[in-house]
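Enquirer: sequence? don't have it. structure:
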């Protein structure tokens, strides 16, 4: 790209030098023709008429040809510049609208831009060569005019006017070239902005990829945690089922124990009642035994008295037999207490 810019600046310098050389040549030609016209004022009338009648035609033809070529080149350059501007505008707009295109698209844009610049430089080179050819023809025409002294003041004035027009055309071309350079610079800036946007998009894509990897790792950890939670839930459910089974078994055992406790309470209550009856019967028996014991004691005293009286008397009557003690009633059997259910 640096070499192409150098070639372009070199072409412009040559174009300016060529234009300056044409202006100098015209000045010299004007001065020479003016002096020669004065010197040749006294030449024969036939030579003057021949110069006026023949040489202006040839000069006008050449000037017209030069003007036509220059106009064609200007039109071609204008069309080329318009086409390039249109291509650049469309390319830049399309590039800005598609900020997410890949590096291959940017490479294509670079290729298009390089081809556009190369084509522009080629056109400028062609214009330079054409202008050089025109300058060469003009130089040859001026030299031929000076050599043959066939130019009149009016032809020189017309030639100066044509040169002025050409100079104006060159100025227009120079202005167009500057506009083209500005457009190219804008296109380069747009390209840099697009590349920066693409770099930013790539950085964001890399960041998104990193976030995706982090999320994927988090998802895997979450899946592992969920799997562990499921396993823990299954273990908890199994433990809960086992606990429920044990609770049901304990409930059944509790019910059995409760029924056994109720039976035991009933048996204990019956035993208490039986004990009370036995105790009452024993108390009654004790009272009867005490009464019997007192009665026996009295009978024993009476027997002793009878013995004493018998011993003292010559013949004591036979002592009556002591009555037999009544048989004590048997205590009621203690009811069996059912053993507690374990």
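Expert: Sure, I can see it. Source: prediction; values computed, not measured.
Enquirer: which stretches of the stretch 101-250 of the chain have low pLDDT?
Expert: Low-confidence segments of the stretch 101-250 of the chain, defined by pLDDT under 70: 101-103, 105-106, 142, 145, 149-153, 155-157.
Enquirer: Show the contacting residues for the residue lying closest to residue 84 once chain neighbours are set aside.
Expert: Excluding the flanking residues, the one nearest residue 84 by CB to CB, 6 or more residues apart in numbering is residue 116, at 5.6 Å. Where you see a C-beta, it was placed from the backbone N, CA and C, and this is true even at glycine. By CB atoms under 8 Å, 6 or more residues apart in numbering, the contact list for residue 116 reads 84, 87-88.
Enquirer: For residue 116, pull up the helix or strand it's in.
Expert: If you go by DSSP states H and E, residue 116 is part of helix 103-148.
Enquirer: how about TSV for the contacts of residue 116, with distance to residue 179 added?
Expert: Output for the contacts of residue 116, formatted as TSV (distance: CB to CB, whole Å):
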residue	distance to residue 179
84	11
87	15
88	12
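Enquirer: Closest one to residue 291 out of the residues you listed, please.
Expert: Among these, residue 88 lies closest to residue 291 (CB to CB), at 148.5 Å.
Enquirer: and that closest one, what does it touch?
Expert: With CB under 8 Å, 6+ apart, residue 88 has these contacts: 113, 116, 183-184, 187.
Enquirer: What subset of those is buried?
Expert: Buried by 16 or more other CB atoms under 10 Å: 113, 116, 183-184, 187, out of those.
Enquirer: Using JSON lines, please lay out these together with distance to residue 193.
Expert: Output for the buried ones among the contacts of residue 88, formatted as JSON lines (distance: CB to CB, whole Å):
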{"residue": "113", "distance to residue 193": "14"}
{"residue": "116", "distance to residue 193": "18"}
{"residue": "183", "distance to residue 193": "15"}
{"residue": "184", "distance to residue 193": "15"}
{"residue": "187", "distance to residue 193": "11"}
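Enquirer: of all the residues you listed, which two lie farthest apart?
Expert: Within these, 113 and 183 form the most distant pair, 11.3 Å apart (CB to CB).
Enquirer: Show the pLDDT at residue 308.
Expert: You'll see residue 308 listed with a pLDDT of 84.
Enquirer: How about residue 282?
Expert: In this model, residue 282 is scored at 92, pLDDT.
Enquirer: Please report how far it lies from residue 292.
Expert: Going from residue 282 to residue 292 by CB to CB, to the nearest Å gives 15 Å.
Enquirer: and after the helix holding residue 116, which helix or strand comes next?
Expert: Next in line after helix 103-148, if elements are assigned by DSSP H and E, sits helix 153-312.
Enquirer: elements contacting that following helix?
Expert: Applying 3 or more CB pairs under 8 Å, 6 or more residues apart in numbering; DSSP states H and E, one finds that helix 153-312 makes contact with helix 2-39, helix 45-97, helix 103-148.
Enquirer: could you redo the last one with a cut-off of 6 Å?
Expert: For helix 153-312, the elements it packs on are helix 2-39, helix 45-97, judged by 3 or more CB pairs under 6 Å, 6 or more residues apart in numbering; DSSP states H and E.
Enquirer: what angle separates it from helix 103-148?
Expert: Put simply, helix 153-312 runs at 170 degrees to helix 103-148, going by axes from the mean of the first three to the mean of the last three CA atoms, to 10 degrees.
Enquirer: Measure how helix 153-312 sits relative to helix 45-97, angle-wise.
Expert: Using the same axes, to 10 degrees, helix 153-312 lies at 10 degrees relative to helix 45-97.
Enquirer: re earlier: among the helices and strands packed on helix 153-312, which one carries the weakest average confidence?
Expert: helix 2-39 (a mean of 49).
Enquirer: distance of residue 298 from residue 87?
Expert: From residue 298 over to residue 87 the distance is 160 Å, taken as CB to CB.
Enquirer: Those two: who's more crowded?
Expert: The neighbour count for residue 298 versus residue 87, taken as other CB atoms under 10 Å, is higher for residue 87 (16 against 10).
Enquirer: From residue 281, how far out is residue 287?
Expert: From residue 287 to residue 281 the distance is 11 Å (CB to CB).
Enquirer: Have a look at these two and say which one is more surrounded.
Expert: Under the neighbour definition other CB under 10 Å, residue 287 and residue 281 were set side by side, and residue 281 has more, 14 against 10.
Enquirer: How much space separates that one from residue 188?
Expert: Separation of residue 281 from residue 188 (CB to CB): 132 Å.
Enquirer: what's the neighbour count on residue 191?
Expert: Close neighbours of residue 191, defined as other CB under 10 Å, add up to 17.
Enquirer: ugh, wrong one, I meant residue 130
Expert: 16.
Enquirer: I'd assumed residue 74 was in contact with it.
Expert: No - the criterion here is CB atoms under 6 Å, and residue 130 misses it with residue 74 at 10.2 Å.
Enquirer: Return the per-residue confidence for residue 100.
Expert: Reported pLDDT for residue 100: 68.
Enquirer: in stretch 166-177, what counts as buried?
Expert: In stretch 166-177, counting by 16+ other CB under 10 Å, buried: 166, 169-170, 173, 176-177.
Enquirer: Pull the most distant pair out of those residues.
Expert: 166 and 177 (15.8 Å).
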